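In: I would like the atomic coordinates for the input below:
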Amino acid sequence: MNATKTIILILVAAVAILAYSSIFILDETQQAIVTQFGRPVGQPRTSPGMNFKVPILQKVQFFDKRYLEWDGDRNQVPTKDKKFIFVDTYARWEITNPLQFFIRLRDERSAQSRLDDILDGETRNAVASNDLLDLVRSRNREPEVTEDFMEEIEILEDIKVGRANIEKIILEKANERTSDLGVRILDFRFKRMNYVDEVRDRVYDRMISERNRIADQFRSEGQGEARKIEGDKERDLAEIQSQAFREAEEIKGRADAEATDTYAAAYNKNRQSIDFYKFVRSMESFEKSLDENTSLILSSDSEFFKYMKRLN
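Out: Below you'll find the model as predicted:
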């Protein structure tokens with residue numbers, strides 16, 4: 001009896017283990033294929049939920065359903081116009097066919113290595129086939145030009161392809177090469193471009209020299225404008241002082257004329273009083289200068305004689 005119970009328990013446990021090992025669950029971020037002896041069996045499982053497989057004999061290979069990241073290495077590449085630059089790129093990709101992906105690449109690590117070969121190679125081809133100007137600009141644009149800075153604006157060369165179009169070309173060619181790998185590259189971008197050290201130093205020196213030249217010209221124009229303003233100030237100041245002096249002299253002249261008129265009017269009004277005052281002063285002078293023994297002889301043109309004659 002005990003042996004029978006033991007056998008039943010073992011059978012139940014074995015059935016439970018087999019049932020548990022025959023079930024696998026996919027969440028929203030996963031997709032899978034079932035393999036038997038290393039070979040895929042059936043169609044890929046892409047819907048989330050419960051799935052079944054043959055226990056023990058079959059295994060499940062899980063793959064990510066989300067967008068995956070690819071980050072390229074920083075490589076030194078020559079452009080079409082023989083300028084060496086460092087190019088750093090990145091991309092986004094996804095597994096579109098898990099079965100084909102498993103057959104060709106097996107896992108994500110192999111996929112990343114394969115993408116390194118494809119994207120780095122297409123990047124080198126694209127950079128070597130285009131000028132640096134096309135790699136750094138996406139469109140032609142006209143600089144804003146004013147009359148004051150007409151001579152300082154350098155005419156920008158027109159691009160033939162442009163950075164955005166080069167990225168699209170790399171993306172298209174890379175997808176052509178990955179079409180049988182069960183993956184699709186969603187996006188490709190240049191993350192950074194820069195000159196190699198020796199070229200960058202020369203470019204920086206040239207940029208600094210050019211900026212200094214423009215700054216010196218602006219400084220010279222500013223000094224010339226300052227001297228012009230100072231000259232205008234001195235001229236205006238001299239004109240203002242001259243005008244003020246002329247107006248002051250005119251005011252003084254009018255004041256002197258008014259004073260003279262006032263003196264003349266006062267003199268004409270009090271002329272008799274003034275004559276009498278002169279006579280009194282003359283009498284006082286005679287009184288002080290003459291005594292009883294002094295004889296006075298007056299000529300006919302004497303003021304005193306004229307006055308005495310006018311009184312008679």
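
In: use CA for all of it now, contacts and neighbours both
Out: Will do.

In: Distance check, residue 285 against residue 206.
Out: Remark: distance between residue 285 and residue 206 (CA to CA, to the nearest Å) = 105 Å.

In: Equivalent analysis for residue 160, please.
Out: Applying CA to CA, the value for residue 160 to residue 206 is 25 Å.

In: do the same with residue 77
Out: 22 Å.

In: out of the two, which sits in the more crowded spot?
Out: Neighbour tally, residue 77 and residue 206, criterion other CA atoms under 10 Å: the higher count belongs to residue 77, 19 against 12.

In: now the strands: where do they sit in the stretch 51-200 of the chain?
Out: Secondary structure of the stretch 51-200 of the chain (DSSP state E, counting those that start in this stretch): strands located at 58-64, 68-71, 75-78, 84-95, 183-195.

In: hmm, who's touching the fourth one?
Out: Meaning strand 84-95. The contact list for strand 84-95 (CA atoms under 8 Å, 6 or more residues apart in numbering) reads 63-79, 101, 182-196, 199.

In: Just the buried residues out of the residues you listed, in ChimeraX syntax.
Out: To isolate the buried members of the contacts of strand 84-95 in ChimeraX, using 16 or more other CA atoms under 10 Å:
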select :63,65,70,72,76,77,78,79,101,182,183,184,185,188,189,190,193,195
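
In: Distance from stretch 213-232 to the middle of the chain?
Out: Distance, stretch centre to chain centre, for stretch 213-232: 25 Å (CA atoms, centre = their mean, to the nearest Å).

In: can I have it written out in PDB, keeping just the CAs?
Out: The C-alpha coordinates for stretch 213-232 follow below in PDB (Å, rounded to 0.1, in the frame of the first residue of the first chain):
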ATOM      1  CA  ARG A 213      41.400  90.700 -37.900                       C
ATOM      2  CA  ILE A 214      37.600  91.500 -37.800                       C
ATOM      3  CA  ALA A 215      37.900  92.700 -34.200                       C
ATOM      4  CA  ASP A 216      40.800  95.000 -35.200                       C
ATOM      5  CA  GLN A 217      38.900  96.400 -38.000                       C
ATOM      6  CA  PHE A 218      35.800  97.000 -35.800                       C
ATOM      7  CA  ARG A 219      38.100  98.600 -33.200                       C
ATOM      8  CA  SER A 220      39.700 100.900 -35.900                       C
ATOM      9  CA  GLU A 221      36.300 101.900 -37.200                       C
ATOM     10  CA  GLY A 222      35.200 102.600 -33.600                       C
ATOM     11  CA  GLN A 223      38.200 104.800 -32.900                       C
ATOM     12  CA  GLY A 224      37.600 106.700 -36.200                       C
ATOM     13  CA  GLU A 225      34.000 107.200 -35.300                       C
ATOM     14  CA  ALA A 226      35.000 108.400 -31.800                       C
ATOM     15  CA  ARG A 227      37.400 111.000 -33.200                       C
ATOM     16  CA  LYS A 228      34.700 112.200 -35.600                       C
ATOM     17  CA  ILE A 229      32.300 112.500 -32.600                       C
ATOM     18  CA  GLU A 230      34.900 114.400 -30.600                       C
ATOM     19  CA  GLY A 231      35.600 116.800 -33.600                       C
ATOM     20  CA  ASP A 232      31.900 117.400 -34.000                       C
END
